[in-house]
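K.L.:
Fold the following and give me the result.
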Amino acid sequence: MSAEPGIERQRDAERTRAEILAIATDEFADRGYAGARVDEIAARTRTTKRMLYYYFGSKQGLYVAVLEHAYRGIRELESQLDVDHLDPARAMRALAELTFDHHESHPAFIRLVGIENIHHAKHLRTSPIRTGLAAPAVDVLGGILDRGRTCGLFRTDVDALDVHMVISAFCVFRTANRHTFQAIFDRDLLDPARRDHYRRMLGDLVLEYLTAHVGRP
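P.N.:
Numbers count the residues shown, from 1 in each chain. Take a look at the predicted model:
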């Protein structure tokens, strides 16, 4: 039996919205907010400019939806990460590696973050779900830190956002600065031959920082 007409229409709407977001992500990431063209996005989808505005209201509304979708991607992965059975050190390394893998495989996310920082996050600040975009990262990190402190492994003078900043700084730099770094130093930070080395380096950096000075006056 075929699905009810109402259910099928809802599925069509969800597919159309997902298609628009995928195309718009590429357009905004490649051309920036000012350079992106709604006409071009509509032309690359199976819908019309009129329908695009129906779903998202405006160019800014579409751009904000793209940002929300991009941040949700990494936050969903963080919330699904099962680390409760791991010791705190291995759990922290697993979270760092997840971020490493995500940022490497989602260069559009890195470009979008850079673009929005050029605009001082004025578009992201209008998102009605903005505050919720932080919860998974902070919650997962906070839980690992608490377990590490309880067993005397991690230092007590850092919080989840401190660690998030360290992990993000490494992972964002590696992708965002790939081309300029290679032009100056003749080293490709995304060279597959160095991938395992950098992935291990990130975990080592985070853990060495979190365990530094523990148990010492």
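
K.L.:
State the distance from the spatially most central residue of the chain to V163.
P.N.:
Residue closest to the mean C-alpha point of the chain, counted by CA atoms, centre = their mean, is I74 at 4.2 Å. Per CB to CB, to the nearest Å, I74 is found 15 Å from V163. Backbone N, C-alpha and C define where each C-beta goes, glycine included.

K.L.:
again with A36
P.N.:
34 Å.

K.L.:
So, low pLDDT: which residues of this protein?
P.N.:
1-11, 215-217 (pLDDT under 70).

K.L.:
again, 80 this time
P.N.:
1-13, 213-217 (pLDDT under 80).

K.L.:
Output the longest helix belonging to it.
P.N.:
Counting residues, the longest helix in the chain under DSSP state H turns out to be helix 5-35.

K.L.:
so what's L202 up against?
P.N.:
Taking CB atoms under 8 Å, 6 or more residues apart in numbering, we find L202 in contact with A96, E97, F100, I167, F170, C171.

K.L.:
Can you flag the buried ones in those?
P.N.:
Neighbour counting with 16 or more other CB atoms under 10 Å marks A96, E97, F100, I167, F170, C171 as buried within the contacts of L202.

K.L.:
can you give me the helices for this structure?
P.N.:
According to DSSP H, the helices that the chain contains are 5-35, 38-43, 49-56, 59-80, 88-105, 107-118, 135-150, 160-176, 178-185, 195-211.

K.L.:
Throw those helices into a markdown table and include distance to S127, thanks.
P.N.:
Shown next, in a markdown table, are these (distance: least, CB to CB, whole Å):
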| stretch | distance to S127 |
| --- | --- |
| helix 5-35 | 14 |
| helix 38-43 | 19 |
| helix 49-56 | 13 |
| helix 59-80 | 5 |
| helix 88-105 | 20 |
| helix 107-118 | 11 |
| helix 135-150 | 14 |
| helix 160-176 | 19 |
| helix 178-185 | 28 |
| helix 195-211 | 29 |
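
K.L.:
how close does the closest residue to H103 other than its chain neighbours get to L112?
P.N.:
Closest residue in space to H103, ignoring its immediate chain neighbours: C171 at 4.1 Å, by CB to CB, 6 or more residues apart in numbering. As for C171, its distance to L112 is 15 Å (criterion: CB to CB).

K.L.:
cool, R125 as well?
P.N.:
Applying CB to CB to R125 and L112 gives a distance of 15 Å.

K.L.:
who has more neighbours, those two?
P.N.:
L112 (23 against 11; other CB atoms under 10 Å).

K.L.:
doesn't F109 make contact with the residue nearest to the centre of the chain?
P.N.:
Yes: contact criterion CB atoms under 8 Å: I74 and F109 qualify, at 7.1 Å.

K.L.:
Alright, I will stop here.
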